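> here you go, sequence then predicted model.
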Amino acid sequence: MASKKKYGERVENFSNKAARELLSLIEHKKTNLSLALDVTTKREFLEIADKAGPYICLLKTHVDILVDFDQDFIEQLKELRTKHEFMIFEDRKFADIGNTVKHQYSKGIYKISEWADITNAHPLPGDGIVSGLKEVGLVLGRGLLLLAEMSSKGSLATGAYTEAAVEMARRHKDFVVGFIAGRKLISDDDKEDFIVMSPGVGLDVSTDGLGQQYRTPRNVILESGSDIIIVGRGIYGSDKDVAVEAQRYRDAGWKAYLERLAN
Ligand code: S5P
């Protein structure tokens, strides 16, 4: 069952700083849209982020695809974050043992923990991955999502694997704030709450030729009980007016949420 609670009412369900901030932001900005900005140059990235900024709650990055990544990119990203009031989610998909991911999260050239409010990890290696990331991120007020399901065709993250991801999250509620999944994974319960973010959202096409599978905001938010729609090429793809499309997805996501509350 989808949650009937407003985003703002769910803040108290979380001790995690990033989760509390995100739910408050969604409530007051009235958007459950996350932009997945997978472009490969700083210039394109910053231009699109500036145009879409007013309509999103969360900007999802893949900083390792930028050909000209540098510290200036991070400074400009932070400026946009303040200007438009969105949070940042580095979609790093950590997948190694705790000791390794700890370094990957805080060190190297990207120093993800310094600027990303939220990041994510595959539960595949077991609890150590969460413990390692938590050692770095919790004191900084960061939050983690576990990839409990994937939107791509043939994904192996199903059934018992997905259930094990939920159990893992339950053991680390201070740091794991939710899931990447196509649907709400736990039944409504006043005592526990997780934020579900769903990628593979598009209004115009159903696939991308490389295994991605698209569903509509209505399907994801209203019918499947997810909380945040993650949209990429549907907004910045070729011939798209970024501001117009961002507004269109923002409106569709919010309408589906309002319908869910009213149902
Ligand atoms: O299962 C997943 C998980 C993620 S995080 N499927 C996904 O597509 N993603 C990410 O969402 C993917 O890495 C990409 O950044 C975004 C979808 O982009 P789009 O252009 O297909 O909307």
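Noted; the coordinates are in hand.
> which one is the residue most central in space within the chain nearest to, not counting chain neighbours?
Closest residue to the average C-alpha location of the chain: residue 197 at 5.3 Å, with C-alpha atoms, centre = their mean. By the measure of C-beta to C-beta, 6 or more residues apart in numbering, the closest residue to residue 197 outside its immediate chain neighbours is residue 228, 4.2 Å from it. From N, CA and C alone the C-beta is placed, and that goes for glycine too.
> who's in contact with the residue nearest to the centre of the chain?
34, 58, 89, 145, 178-181, 226-230 (C-beta atoms under 8 Å, 6 or more residues apart in numbering).
> from those residues, which land in helices?
Assigned to helices by DSSP state H, none of the contacts of residue 197 qualify.
> sorry, back to before: contacts only, for the residue nearest to residue 197.
Shown in contact with residue 228 (C-beta under 8 Å, 6+ apart): 26, 32, 33, 34, 57, 58, 195, 196, 197, 198, 253.
> which of the residues you listed are buried? Put it as a PyMOL command.
To isolate the buried ones among the contacts of residue 228 in PyMOL, judged by 16 or more other C-beta atoms under 10 Å, type:
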select buried, resi 26+32+33+34+57+58+195+196+197+198+253
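> okay if I get the contacts of residue 228 as CSV plus pLDDT and distance to the ligand?
Listed next are the contacts of residue 228 as CSV, based on pLDDT from 0 to 100; distance: C-beta to the nearest ligand atom, whole Å:
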residue, pLDDT, distance to the ligand
26, 98, 18
32, 98, 15
33, 98, 12
34, 99, 9
57, 99, 15
58, 99, 12
195, 98, 14
196, 98, 12
197, 98, 8
198, 98, 8
253, 98, 13
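> keep only those of the contacts of residue 228 that are in strands.
By the criterion of DSSP state E, membership of the contacts of residue 228 in strands covers 33, 34, 58, 195, 196, 197, 198.
> give me every residue in the chain lying close to the ligand.
Near the ligand, the residues belonging to the chain are 36, 38, 62, 91, 150-152, 180, 199-200, 208, 212, 230-234 when assessed by C-beta under 6 Å from any ligand atom.
> neighbouring contacts of stretch 122-140?
Residues contacting stretch 122-140 (C-beta under 8 Å, 6+ apart): 93-102, 105-106, 113-114, 119, 121, 142-144, 146-148, 157, 161, 164-165, 168, 171-172, 174-176.
> ok, stretch 95-103 next?
94, 104, 121-122, 124-125, 128-133, 135-136.
> at 7 Å instead, please
Applying C-beta atoms under 7 Å, 6 or more residues apart in numbering, the external contacts of stretch 95-103 come out as 94, 121, 122, 124, 125, 128, 129, 131, 132, 133, 135, 136.
> quick one: low-confidence parts of the chain?
By pLDDT under 70, the low-scoring segments of the chain are 1-2, 189-190.
> about what we covered before: distance to residue 84 added to the contacts of residue 228, as CSV?
Listed next are the contacts of residue 228 as CSV, based on distance: C-beta to C-beta, whole Å:
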residue, distance to residue 84
26, 14
32, 16
33, 12
34, 13
57, 10
58, 11
195, 20
196, 24
197, 19
198, 22
253, 17
